[in-house]
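**Q** predicted model follows, preceded by the sequence.
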Amino acid sequence: MRSANPVLDRLDDVRRTERQVLGGGPVEAMTVDDVVLRTVGLLLLTGVTAAVAWVLVPQAVWISAALAGTALAGLALALVISLRGTTNPVLIAGYAVLQGLLLGVASRAFELIHPGIVVQAVVGTFGVFLGMALLYRARVVRATPRLARLVAGALIGIVALGLVNLVAYLTTGRQGLAVYSLTAQVGWLPYVFSGVAILAGAFSFVLDFDQVERSVRAGLPRRYAWYCAFGLLAGLVFLYWQLLRLLGYLRR
């Protein structure tokens, strides 16, 4: 079973490589607690950076770059770390800091126009995450090959179409699948696009939990707990951004 998260998706390859390199020798294996602690640490780092950016970064200067840069920089760093399979905590922490900086500025822009929207988006993000965790633990929702194909296909399509839409907006000013202006009118298509993105992001957590669980059972070295935590952070950032955007549509 491969995860729909492009970061955690490489863990199957990592497990095979580690077994070949270590030759089945004893290693300090990671645990679920290791992944949880590192994920919480990265979330705190992202949150603190976002709070600092909220207060200190000049809004008028940075807002346009932040709104576009959140998606582009996040995707680029996720791909770099994923393809390299890095477990370097400094590099992963750098990703958390950058995401905190960009999301802090963007969230402040939304909050200035729609008071209370950031709290709603944060509560919604962690509510969805915890809800999917409970459903997975109770085996109400299972990580099946069919679910993996559906979620992976949806996320690939969302990212690809989102990038095309962003390029079109930057070059022509037209907004189709996603509306980047915080005050422009919204048609029905952005609502559908955001709804699909939120559903795909939510169900991807089920596949991520399964991937982490299987990696623990396989005895992956403890340093890969950082890699798993990074993958979960990337999924949470994606879900938060989609919820914030949808709430912004609804507030108009």
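**A** Nice, thanks for sending it over. Since the model is a prediction, treat every value here as computed from it, not as a measurement.
**Q** tell me which other helices or strands the lengthiest helix in the chain touches.
**A** Secondary structure of the chain per DSSP state H: the longest helix is helix 188-217. The contact analysis (3 or more C-beta pairs under 8 Å, 6 or more residues apart in numbering; DSSP states H and E) places helix 188-217 against helix 11-22, helix 32-56, helix 117-137, helix 145-172, helix 224-251. C-betas here are computed from N, CA, C, even on glycine.
**Q** give me that answer again for 6 Å
**A** helix 117-137, helix 145-172, helix 224-251 (3 or more C-beta pairs under 6 Å, 6 or more residues apart in numbering; DSSP states H and E).
**Q** would you single out the least confident of these?
**A** Across these, helix 145-172 has the smallest mean pLDDT, namely a mean of 85.
**Q** flag every buried residue along that one.
**A** 147-148, 151-152, 154-155, 158-159, 161-162, 165-166, 169 (16 or more other C-beta atoms under 10 Å).
**Q** gap between it and the chain center?
**A** From the chain centre to the centre of helix 145-172 is a distance of 14 Å (C-alpha atoms, centre = their mean, to the nearest Å).
**Q** also stretch 112-124?
**A** Worked out by C-alpha atoms, centre = their mean, stretch 112-124 lies 18 Å from the chain centre.
**Q** want to throw the buried residues of helix 145-172 into JSON lines with distance to residue 54?
**A** Formatted as JSON lines, those follow (distance: C-beta to C-beta, whole Å):
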{"residue": "147", "distance to residue 54": "37"}
{"residue": "148", "distance to residue 54": "37"}
{"residue": "151", "distance to residue 54": "32"}
{"residue": "152", "distance to residue 54": "34"}
{"residue": "154", "distance to residue 54": "31"}
{"residue": "155", "distance to residue 54": "28"}
{"residue": "158", "distance to residue 54": "27"}
{"residue": "159", "distance to residue 54": "27"}
{"residue": "161", "distance to residue 54": "30"}
{"residue": "162", "distance to residue 54": "24"}
{"residue": "165", "distance to residue 54": "27"}
{"residue": "166", "distance to residue 54": "24"}
{"residue": "169", "distance to residue 54": "25"}
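**Q** closest to residue 101 out of these?
**A** Among these, residue 166 lies closest to residue 101 (C-beta to C-beta), at 19.1 Å.
**Q** hang on, the earlier thing: which one of the helices and strands packed on helix 188-217 lies closest to residue 193?
**A** Comparing the helices and strands packed on helix 188-217 against residue 193 with C-beta to C-beta, the closest turns out to be helix 145-172 (7.5 Å).
**Q** so which other helices or strands are in contact with that closest one?
**A** Using 3+ C-beta pairs under 6 Å, 6+ apart: helix 145-172 touches helix 188-217.
**Q** any idea how far residue 143 lies from residue 227?
**A** 19 Å (C-beta to C-beta, to the nearest Å).
**Q** neighbour count for those two, which is higher?
**A** Legend: neighbour count by other C-beta atoms under 10 Å for residue 143 and residue 227, higher for residue 227 (27 against 21).
**Q** helix or strand: which one has the residue nearest to that one when sequence neighbours are not counted?
**A** For residue 227, ignoring the flanking residues on the chain, the nearest one in space by C-beta to C-beta, 6 or more residues apart in numbering is residue 87 at 5.1 Å. Using DSSP states H and E, residue 87 is not contained in any helix or strand.
**Q** what residues are up against residue 87?
**A** Contact partners of residue 87, counting by C-beta atoms under 6 Å, 6 or more residues apart in numbering, are 223-224, 226-227.
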